[in-house]
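> Okay, structure incoming, though there's no sequence with it:
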Ligand code: ADP
Ligand code: MG
């Protein structure tokens, strides 16, 4: 059984059918790219899986259990994580403190006074930062980091809830080409080492073809292709959507 099974998922906003009968599967340990033109429904797909949107119809099965419409908190507890941007308010905190805060939040202890709480989860936070290659920068304020390094911290924060499925919506947006490749290589490594599954969106076809195990393509809310890079490259419908040929 696949870790994630999206089945006949539909979601409309007013007259816009953002998701139209979308079905796909994501086995454990796979890096799956979701691509498609702007407005295709990619973010809506993510937000429906993570519980921010309630679908109009269809199911989202995690380990065979329907989680559709459960709400973000409960879906996160079932093992679905997502990357968040480190908000500006957290830029004065150190790298280590940000990951500790994410761990505290996951363990529902964020309401406590921050200073005394900073003792907690230090080892776990250090371990996560080591995994994303940030061990040497833990005492730096997030606000002074290079953009690619902030993305690594965000990845460590997302991993703090120990997700089995990680959703990354445009993780490399705004990055230079070498930073994109580094972040995706790191993600690839986390998928292999932790056996987690990752669903990500990405504009660069080079990155998608280089790193994804499999690719699914949305256009106007409909899934038009599902396959490995070689299939997607020569798919007539995909070529039409992307190149008009
Ligand atoms: P993508 O991420 O592929 O660019 P989106 O999922 O953001 O696409 O959007 C799909 C369609 O749904 C677009 O037409 C968009 O305008 C519409 N849409 C998305 N979210 C909302 C919303 N919260 N309210 C109204 N329309 C929305
Ligand atoms: Mg989007």
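Perfect, I can see it now. Remember, predicted model here, so these are calculated numbers, not experimental data. Ligands and ions are numbered 1, 2, ... in the order given.
> What residues of the longest helix along the chain count as buried?
Counting residues, the longest helix in the chain under DSSP state H turns out to be helix 177-194. By neighbour count on 16 or more other C-beta atoms under 10 Å, the buried set for helix 177-194 is 179, 180, 181, 182, 183, 184, 186, 187, 188, 190, 191, 194. For the C-beta atoms, the positions are set from N, CA and C on the backbone; glycine is no exception.
> How about stretch 233-245?
If you call a residue buried by 16+ other C-beta under 10 Å, then stretch 233-245 has these buried ones: 235, 238, 241, 242.
> What of stretch 217-231?
Neighbour-count burial for stretch 217-231 [16+ other C-beta under 10 Å]: 217, 218, 219, 221, 222, 223, 224, 225, 226, 229.
> From the chain's centroid, how far away is it?
Distance of stretch 217-231 from the chain centroid (C-alpha atoms, centre = their mean, to the nearest Å) equals 18 Å.
> hmm, back to that, mind giving me JSON lines with the buried residues of stretch 233-245 and columns for distance to residue 213, pLDDT and secondary structure?
Formatted as JSON lines, those follow (distance: C-beta to C-beta, whole Å; pLDDT from 0 to 100; DSSP: H, G, I helix; E, B strand; the rest coil):
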{"residue": "235", "distance to residue 213": "17", "pLDDT": "95", "secondary structure": "coil"}
{"residue": "238", "distance to residue 213": "17", "pLDDT": "94", "secondary structure": "helix"}
{"residue": "241", "distance to residue 213": "21", "pLDDT": "90", "secondary structure": "helix"}
{"residue": "242", "distance to residue 213": "20", "pLDDT": "84", "secondary structure": "helix"}
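> what comes into contact with the helix or strand in which residue 198 is found?
Using DSSP states H and E, residue 198 sits within strand 197-201. With contact meaning C-beta atoms under 8 Å, 6 or more residues apart in numbering, strand 197-201 is reached by 3-4, 26-35, 42-43, 46, 49, 164-171, 187, 190-191, 212.
> in which helix or strand would I find residue 129?
When elements are assigned from DSSP H and E, residue 129 belongs to helix 122-131.
> From the contact counts, what lies against the helix or strand following that helix?
Toward the C-terminus, helix 122-131 is succeeded by helix 147-159 as the next helix or strand (DSSP H and E). Counting by 3 or more C-beta pairs under 8 Å, 6 or more residues apart in numbering; DSSP states H and E, the packing neighbours recorded for helix 147-159 are strand 80-82, helix 95-106, helix 122-131, strand 165-168, helix 177-194.
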